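>>> how does the following fold in three dimensions:
(one chain, ligands or ions: 1)
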Amino acid sequence: MSYQLVDLKVGFTCNNNCIHCVVSDKRNEKDLSLEAIKKIIEDYIDQYNQINLTLTGGEITYREDYRQIMQFIKEKKNRGSIDFVDIQTNGRMLSHDKILEETLSVVDFYLIALHSNNSEIHDYITSCQSSFLETTAALAKLTSMINVKSIAIQTVISKKNYKGLKDVYKFVREQYGILECNITFPHPLGVAYDMEIIPTYHEIKEDVNDALKYCLENDMNPYLEALPYCVFEEKLRIYALEYYKKRNQNVVGYGGEKDGHIDYKIVNEEGYAKYDTCKKCSYDNCCLGVWKEYKQLYPLKDMYSMLSNNL
Ligand code: SF4
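I've put the predicted structure just below:
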């Protein structure tokens, strides 16, 4: 049976303040109330009958009514209206036993943001001094309690961390046995629309290839986000081609006051741009290109030259 995947942003309040935050320009929006969250979930269930739910924000675990949200979702799971729940979190609050306990009985999959294995770099990126300690404490607890296959690490690339990308995956694999990771190129929105934060693809390609190579040679399962084919060496490009072909694009959701209901297939079609020379590229038909805002930030950083250098 296929369930509609629904992505729910519950609000934009967060206990981190990441330098690459894509929702920083929405921080003045009011978080959804508990009642509004219940209504949105119920409306999606009415529309699709049965759903899979992605919980994100902001930072959902930081809310005072987190326990009530978990209880509501648990009831819906018990009735069969929600099949699978995944959470996107910085993980800090999961280092607290009570919050972790409330989460464990509801959430099936965890995507936890860890931007470096170096505490100083991670804390610099999150702008919060204790964030590395708390996130890794949560990882230690989680991996001792649930199957590591239910945990993935998300690392958002920035100028501050791209040189240590491979080390993050090596760290989570060796320290916690985590085998899933998400290599994410940042969306230059809000505070992240800044050349001091967003590297060029040309700058990161060697480190991205090294990181992907490490993952594939060590039985890890890497997801890719906003990394076009020309970034990859030929062998690794085959992995990228297969990965993007299989990716589920059928996602809808609620994106906050400004964005309202979102169909992510349309967002993907409209959110990306290409350079003129992409027309010469043999991947032009199957490639989304780069974030539109990336092209605005780096209008002269042609992508095709990268591919021809890699051929
Ligand atoms: S179409 Fe453009 S962005 Fe996509 S792989 Fe080719 S050169 Fe790169």
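
>>> buried residues, the longest strand along the chain. List them.
Looking across the chain with DSSP state E, the single longest strand is strand 82-89. Buried residues in strand 82-89, counted by 16 or more other C-beta atoms under 10 Å: I82, V85, D86, I87, Q88, T89. No exception for glycine: its C-beta is placed from N, CA and C like everyone else's.

>>> residues contacting the second one?
Contacts for V85 (C-beta atoms under 8 Å, 6 or more residues apart in numbering) come out as N52, L53, T54, L55, I73, K77, V106, V107, D108, F109.

>>> which residue sits closest to the residue in the chain sticking out farthest from the centre in space, ignoring its chain neighbours?
Most distant from the centre of the chain: K280, at 30.6 Å, with distances by C-alpha atoms, centre = their mean. Among residues not flanking K280 along the chain, Y304 sits closest, at 5.7 Å (C-beta to C-beta, 6 or more residues apart in numbering).

>>> residues of the stretch 201-311 of the chain that sit close to the ligand?
Proximity of the stretch 201-311 of the chain to the ligand (C-beta under 6 Å from any ligand atom) is limited to residues 228-230, 274, 278, 281, 283-284, 287, 289, 303-304, 307.

>>> which among those residues count as buried?
Among these, those buried by neighbour count (16+ other C-beta under 10 Å) are P228, Y229, C230, K274, C278, C281, Y283, C287, G289, M303, Y304, L307.

>>> my guess is the second one contacts Y239, does it?
It stands for Y229. No: the pair Y229 and Y239 does not pass the contact test of C-beta atoms under 8 Å, sitting 10.3 Å apart.

>>> which residue packs closest to K301, ignoring adjacent ones?
T200 (5.1 Å).

>>> separation between that neighbour and P299?
Separation of T200 from P299 (C-beta to C-beta, to the nearest Å): 12 Å.

>>> out of the two, which sits in the more crowded spot?
T200 (15 against 9; other C-beta atoms under 10 Å).

>>> about what we covered before: identify, from the buried ones among the residues of the stretch 201-311 of the chain next to the ligand, the entry nearest to P188.
Distance to P188 across those (C-beta to C-beta) is lowest for G289, with 13.8 Å.

>>> spatially nearest residue to that closest one (excluding sequence neighbours)?
Of all residues not flanking G289 in the chain, K274 sits nearest, at 3.9 Å (C-beta to C-beta, 6+ apart).
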